[in-house]
Structure formats: C-alpha cells, structure tokens
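Chemist: what shape does this take:
(one chain, ligands or ions: 1)
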Amino acid sequence: MSEAQSVIRAKGLDLTFQTNDGPVHALKGVDLDIKQGDFVSFIGPSGCGKTTFLRVMADLEQPTGGEITVNGVTPEQARKARAYGYVFQAAGLYPWRTIGGNIRLPLEIMGVPKSEHAERVAKVLELVELSGFERKFPWQLSGGMQQRASIARALSFDADILLMDEPFGALDEIVRDHLNEQLLHLWERTQKTIAFVTHSIPEAVYLSTKIVVMSPRPGRITDVIESTLPRERPLEIRESPEFLAIAHRVREGLRAGHSDE
Ligand SMILES: Nc1ncnc2c1ncn2[C@@H]1O[C@H](COP(=O)(O)OP(=O)(O)OP(=O)(O)O)[C@@H](O)[C@H]1O
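Modeler: Numbers count the residues shown, from 1 in each chain. Sure, this is the predicted structure:
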C-alpha cells in the first residue's frame, strides 16, 4: 500500500506575537506531518499554542518563521480552495436562522447553486444524527445538539479537513462521551482528516490516531504519540490496558513540559 499523503506539514514553524509586555513565543520550532485520514489531537496546558497552531493552518494567523503547507499549498491558497471546515468551542449558530438555515449559510456565501442546498443539508444532518431538526431554531436544541449542528455546518461544503478547537469543552461528560462516539463514526464514514484541540486526556486518547503533546513558553511539541488502538473503539476501550498505557504517556509528557508558574 502506498503511504498516505501529507495533508498538513509544518517545518520549523515559529510564531511570535509582539505585545506591550514584550514578545510572546506562541509557537517555536514546530515540526509535524499530518497524513490524509489522520485524527490528530493537540493537548497541552493553557497558552501552549494549540489554538494558534490551528489558526495558522486556517490562515487566520501568519507565522513569523518556518514553513507550513495545507494540502500541499500555502494556508492562504488552501483557505481559498475551501480545504477545511472550522468548528469552535461555542457552536456560534445564528439564533434567527433555523438549523437548516445555519448550515446553508456557508453554501450561500460560497455561491453553491441553490438547487444543491437541500440535498447537502440533508446529508450533513444525517451525518451528525440530526435528521428531522432542519426547521428547528438553535434555542430549541440542547448544547450537544447545537454543537453537532455546528459540525454539520463545517461539513456542508465537503472540505477534506476538519479543524476543531475544543468543540466539546463546554459540555458535560456524558454528552461529551456520546459526541466522541459519534465523531468517530463520522470520521470513519467520511475519511476526513481531523485536527482536534482538547484539554482532556481520555478524549485525546479515545479519538486520535496521533496525539501531539505541547508545552508552553515557548509553545512547542514535546511528544507525538502514534496510537496503537484499533480504529473500531467502543467506549469501554477506555478501560483497556493499552488505552491506559497511552493515557499514561500523555500524562507524563504533560508533566514534563509543565512549568511551576
Ligand atoms: N493575538 C494575540 N496577541 C498576542 N498574544 C497572543 C495572541 N493570541 C494568542 N496569544 C498568546 O499566545 C500564546 C498561545 O495562545 P493559544 O491561544 O494558542 O494557546 P492555547 O494552547 O490554545 O491555550 P488555551 O488552552 O487556553 O486555549 C498565549 O500566551 C497567548 O496569550
């Protein structure tokens, strides 16, 4: 089998913010290779540059050094080619639009022919298990359902890459477990490449093919763990020795990079 293609490749990536209190090294010497179909989690303490890294991939921040390509081109070209969908911590749905209306919004902005909208909306709602909720308004849905709707919106234009910044961080644990399971199914069905920011060790280990452990000041990668778990992952896998061993390594990595501040 030929090796999977690189989707995101960073080499010596630096990003220093100039602030009134002096320079902040949000990313320093970051090397990473994300392959087609990978599920990559970024984990690390607050301020280690996880969001900044995702924002660089999305062309929302400009690196101050090093190189990064997304689908083999610059982040700007990838953005223009609509290579990725972006999901934020807050669902960010427009309250005056229905769920269907929210999902259609990127299609309208991108000028996708109107005749295709209904089919695309139905398809992504099915993917996030929200079929039948198209005409509801966001406030009529639970927090977890709203977050699923925002994932559907990010999937509506069928980008190959999904960038997710702590999408389930604000939800309670039971809802989060359920959404983790659903996200794995969705990833399996769509074969997307996913970059996922989280603070949760179990979430990172449960979801990922690759776990990137980061540490702050300066923001850098301290460990990259290739998961040995099978792709088929019932929630109970979290009690298996293999799962616990990976979680242990993540915890050790976090501890090693932790400062006392
Ligand atoms: N626009 C900006 N201007 C100045 N400093 C910034 C800016 N954006 C981020 N930073 C700083 O860069 C560092 C990395 O921030 P970033 O948000 O990427 O961290 P994070 O790992 O995502 O943190 P969290 O887990 O809290 O979301 C932090 O010290 C932050 O204060």
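
Chemist: ok, the closest residue to A149 other than its chain neighbours - how many residues close by?
Modeler: Nearest non-adjacent residue to A149, counting by Cβ to Cβ, 6 or more residues apart in numbering: I99, 5.0 Å away. Backbone N, C-alpha and C define where each C-beta goes, glycine included. Per other Cβ atoms under 10 Å, the neighbour tally for I99 reads 27.

Chemist: so I99 touches L125, yeah?
Modeler: Yes: judged on Cβ atoms under 8 Å, I99 makes contact with L125 at a distance of 7.5 Å.

Chemist: what touches both of the two?
Modeler: Common neighbours of I99 and L125 are listed as F133, E134, A152 (criterion: Cβ atoms under 8 Å, 6 or more residues apart in numbering).

Chemist: would you reformat the residues you listed as a markdown table and include neighbour count?
Modeler: Below are the shared contacts of I99 and L125 laid out as a markdown table (neighbours: other Cβ atoms under 10 Å):
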| residue | neighbour count |
| --- | --- |
| F133 | 19 |
| E134 | 19 |
| A152 | 28 |
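
Chemist: lowest pLDDT pick from those residues?
Modeler: Among the shared contacts of I99 and L125, A152 has the lowest pLDDT, at 91.

Chemist: and F196, helix, strand or coil?
Modeler: strand (DSSP: H, G, I helix; E, B strand; the rest coil).

Chemist: that one touches D38, doesn't it?
Modeler: No: with contact defined as Cβ under 8 Å, F196 does not count as touching D38 (10.3 Å).

Chemist: ok, the two, which is more surrounded?
Modeler: F196 (27 against 20).

Chemist: show me what the longest helix along the chain is packed up against.
Modeler: When the chain is parsed with DSSP state H, its longest helix is helix 173-190. Helices and strands touching helix 173-190, as assessed by 3 or more Cβ pairs under 8 Å, 6 or more residues apart in numbering; DSSP states H and E, comprise helix 114-127, helix 143-155, helix 201-207.

Chemist: could you check how far it is from the centre of its chain?
Modeler: 13 Å (Cα atoms, centre = their mean, to the nearest Å).
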